[in-house]
Structures are given as structure tokens and as C-alpha cells.
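Give the three-dimensional model of this entry:
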Amino acid sequence: MDDSSKEAFQGIELLREFVNTHDLETGADAVGSPAELRLWLADHALMGAQESIGPADLARGLELREALRALLRANAGQDLDHAAVDTLVRMGRNARLGISFDDGGRAELTPDPVGVEGALSRLLASVFQAQADGSWPRLKACALDTCQWAFWDASKNRSRAWCSMAVCGNRSKTRSYRNRHRTDGPPN
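Okay, the predicted model is just below:
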């Protein structure tokens with residue numbers, strides 16, 4: 001893997017981890033408060049640990065996360081959520097992004113590294129980079145509605161539907177089987 005491929009994967013991995021800060025099955029949210037969001041962003045080198053985050057910043061961060069999840073569902077074959085697209089377009093208009101070039105002359109988006117706006121801009125830049133390098137369609141949300149965990153589809157034909165075949169795939173197939181064999185009443 002060359003350096004540009006590593007950078008692209010790191011951006012995709014950052015997006016995957018951000019979406020997965022909310023576990024829909026358990027309800028656990030690793031960024032459910034301004035302090036938790038600040039800690040997560042600082043731990044991922046997106047902003048300084050001492051920078052402040054308020055309730056409005058948290059709301060924007062959560063809005064971005066759920067818009068990304070909706071777009072990952074579309075990558076997994078569900079209908080495109082136009083409200084999620086509108087959210088990213090609106091946030092992109094406010095993003096603090098510039099352009100820079102690496103030593104090889106490759107252009108990249110560089111976010112303003114200041115505060116939560118800079119951190120959210122970095123996440124938006126990762127979406128753009130993933131679209132540009134072709135890796136975006138492989139980042140998906142699990143097809144099981146109760147899960148929707150973000151995962152990287154490494155299958156050759158990009159057909160993976162569940163984050164885990166052993167867990168979500170099995171649940172989905174079992175549910176489908178039961179629905180096909182369900183009777184209207186007790187047996188005679």
C-alpha cells in the first residue's frame with residue numbers, strides 16, 4: 001500500500017469509527033455529551049483536548065454522524081436519504097477547507113485545524129477524499145435495521161450486506177426463514 005492509499009484508508013477508518021460512536025443496538029453513545037465529543041475528537045487528533053465544545057457543537061457533530069450513517073446505508077443498497085445529502089452539503093458550505101499538495105504533487109483538502117469546526121471539516125474532507133479515490137462505496141452500514149454498524153466491505157464484488165455474517169447475517173436470515181414459514185394459527 002503506497003502512502004496515498006494509507007492516507008485514504010485512514011480517512012475511511014476515521015469515518016467508520018465516528019459513525020460507530022453510537023451503537024444502535026445497545027443505545028451506547030461514546031460522544032453523547034460535549035465533553036465526550038471533545039475527548040473523541042482529541043483522541044483522533046482532530047482537535048486539541050483543551051478546546052471547548054458546547055451544546056450547539058455537539059448537535060452539529062451528531063447531525064453529521066447520523067447523516068453519514070444514512071449515506072452508508074445507501075452504499076449498502078438502500079435508497080439515498082436526500083435529507084442526509086442536504087445536511088452534508090450545508091455543512092460543507094461552512095467547512096473550513098483549503099487545498100494543499102503533497103511532495104508528489106497530489107492535491108488534498110486540508111481543513112483548518114482550529115476547534116470543533118476544524119474537526120468536523122476534517123471528517124467532511126475524508127468523505128470527499130473517499131469519493132475521489134473510489135473507496136467510498138466500500139464503506140457501508142449494516143443492512144440489519146437494529147444494527148447499522150459501519151463496516152468496510154472487503155469482498156471482491158462489494159456485495160457484503162452485514163457487519164458480521166455470524167451475528168447480523170444470521171439474525172437476518174433466521175428472521176426471513178421464520179417469516180416464510182409462519183402459519184396463521186396453531187397446527188391441527
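
any idea which element E108 lies in?
Element membership of E108 [criterion: DSSP states H and E] is strand 107-111.

buried stuff in that strand?
Neighbour counts over strand 107-111 (16 or more other C-beta atoms under 10 Å) mark 108-109, 111 as buried. (C-beta placed from N, C-alpha, C; glycine too.)

neighbouring strands for that strand, and are they parallel or not?
Using DSSP bridges, strand 107-111 pairs in its sheet with strand 97-101 (antiparallel).

I'd like the distance from the partner strand to the chain centre, please.
Centroid displacement of strand 97-101 relative to its chain, using C-alpha atoms, centre = their mean, to the nearest Å, is 23 Å.

CA atoms only: put that strand into PDB for me.
Taking Å, rounded to 0.1, in the frame of the first residue of the first chain, the C-alpha atoms of strand 97-101 are listed here in PDB:
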ATOM      1  CA  LEU A  97     -11.200  23.700   4.000                       C
ATOM      2  CA  GLY A  98      -8.200  24.700   1.800                       C
ATOM      3  CA  ILE A  99      -6.200  22.800  -0.700                       C
ATOM      4  CA  SER A 100      -2.600  21.700  -0.400                       C
ATOM      5  CA  PHE A 101      -0.200  19.500  -2.300                       C
END
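
for the record, mean pLDDT for it?
Throughout strand 97-101, pLDDT has a mean value of 88.

now swap in stretch 153-172 and tell me
Mean predicted lDDT for stretch 153-172 stands at 63.

Per-residue confidence, A107, what does it come out as?
With respect to pLDDT, A107 has a value of 84.
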